[in-house]
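Enquirer: Next one to model:
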Amino acid sequence: MIATIQIDGLPATPEDLAHQALVNYGAYTSFRVEDGATRGLDLHLARLEQAAVELFGESPGEAEFLRFMALAVAGREACWLRVSLFSPDIGHRDPTYVGRPKVMTVVSPPPPPLASSVRVTAVPYEREAPHLKHLATFGLIRARRAACAAGFDDALFVGGAGQVTEGTLWNIGFVQGDRIVWPQAPMLAGVTQALITRGLLQVGLTSETRPVRLDEIGAFDGAFLCNSATPVCPITAIDNTTFANDPAMLAKVEAAWAAQPAQLIAGRSDDEGVSRLGR
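Expert: Numbers count the residues shown, from 1 in each chain. Predicted coordinates:
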């Protein structure tokens, strides 16, 4: 399957794609779809709604997002869906437009998980407007390239006060006994992170969100990364700090994610509760 691109439910035009290539102002979310459903649909919708209002001043609305998503994935058993927001009326010379953004959907084959385990290096970096999943990816790609060149698999971002924030494409969780500790810092609130948190009590675990300093990570029993393509992947080392990572514990964390039901994109009844909550 090659990528299929639509703009507001219609085939993408060269003009729209040219604007996307030249102006990286916008935001997106992306996730795996199976049989017309995905876990955390409510969170993805809330992410798009928040970004649309903050970046453009207006949102197409939940019903339109769902309509364009349904058109994009219709007839496909499994695929990867990226939903992006942009406006051809916003550019480098005139950024003043306020109004409804266009919605671009890109359907492609589902990607494999990032890895089965990773070694990462900590780098001082904070994404611009870190609470948004925006299109400005230069810094994170540069950090991944530098990490790989240094012999690591990826990079972990650390703020100016030495606080752990997030990875390049993922959130990080730490294991402490039967508790998952999420860093509290300026970062993107990941959908997979939220789904895991929702299901932890179902598998006998708890969680807390608090500041985590880089100099205290050696006190944790384990660490893992998570994003929409990779529900749980053990982090075996952060620079010189290694983690044993009990496989049974990480299996429970993944079970917490798997326990969350998939939500239908099309044909959802009004009482299914797509909420305004919300990698």
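
Enquirer: Please make it C-alpha for all contacts and neighbour counts, starting now.
Expert: Fine.

Enquirer: Could you point out the helix or strand that follows the helix or strand containing residue 209?
Expert: Element membership of residue 209 [criterion: DSSP states H and E] is strand 206-210. Using DSSP H and E, the helix or strand that follows strand 206-210 in sequence is strand 222-227.

Enquirer: quick revisit: check which helices and strands the strand holding residue 209 sits against.
Expert: strand 179-183 (3 or more CA pairs under 8 Å, 6 or more residues apart in numbering; DSSP states H and E).

Enquirer: how about a cut-off of 10 Å?
Expert: strand 171-176, strand 179-183, helix 191-199 (3 or more CA pairs under 10 Å, 6 or more residues apart in numbering; DSSP states H and E).

Enquirer: Columns mean pLDDT, distance to residue 228 and mean neighbour count on top of these, output as a markdown table?
Expert: Putting these into a markdown table (pLDDT from 0 to 100; distance: least, CA to CA, whole Å; neighbours: other CA atoms under 10 Å) gives the following:
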| stretch | mean pLDDT | distance to residue 228 | mean neighbour count |
| --- | --- | --- | --- |
| strand 171-176 | 98 | 10 | 22 |
| strand 179-183 | 98 | 17 | 20 |
| helix 191-199 | 98 | 6 | 21 |
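
Enquirer: just so I know, which of these lies nearest residue 20?
Expert: For these, the distance to residue 20 is smallest for helix 191-199, at 24.8 Å, taking CA to CA.

Enquirer: Residue 226 is in contact with residue 232, correct?
Expert: Yes - between residue 232 and residue 226 there is a contact at 5.0 Å, judged by CA atoms under 10 Å.

Enquirer: anything in contact with each of those two?
Expert: Here residue 232 and residue 226 share the contacting residues 113-114, 172-173, 192-193, 196, 254, scored by CA atoms under 10 Å, 6 or more residues apart in numbering.

Enquirer: and which of the residues you listed is nearest to residue 27?
Expert: For the shared contacts of residue 232 and residue 226, the nearest to residue 27 is residue 192 (17.8 Å; CA to CA).

Enquirer: For the lowest-mean-pLDDT helix or strand in the chain, which outside residues touch it?
Expert: Every helix and strand of the chain was ranked by mean pLDDT, DSSP states H and E. The lowest is helix 14-22, at a mean of 93. The contact list for helix 14-22, computed with CA under 10 Å, 6+ apart, reads 5-7, 25-26, 86-92, 102, 104, 135.

Enquirer: quick check, distance from that helix to the centre of its chain.
Expert: Here the centre of helix 14-22 is set off from its chain's centre by 24 Å, with CA atoms, centre = their mean, to the nearest Å.

Enquirer: What residues of it count as buried?
Expert: Buried residues in helix 14-22, defined by neighbour count with 16 or more other CA atoms under 10 Å: 16, 19-20.
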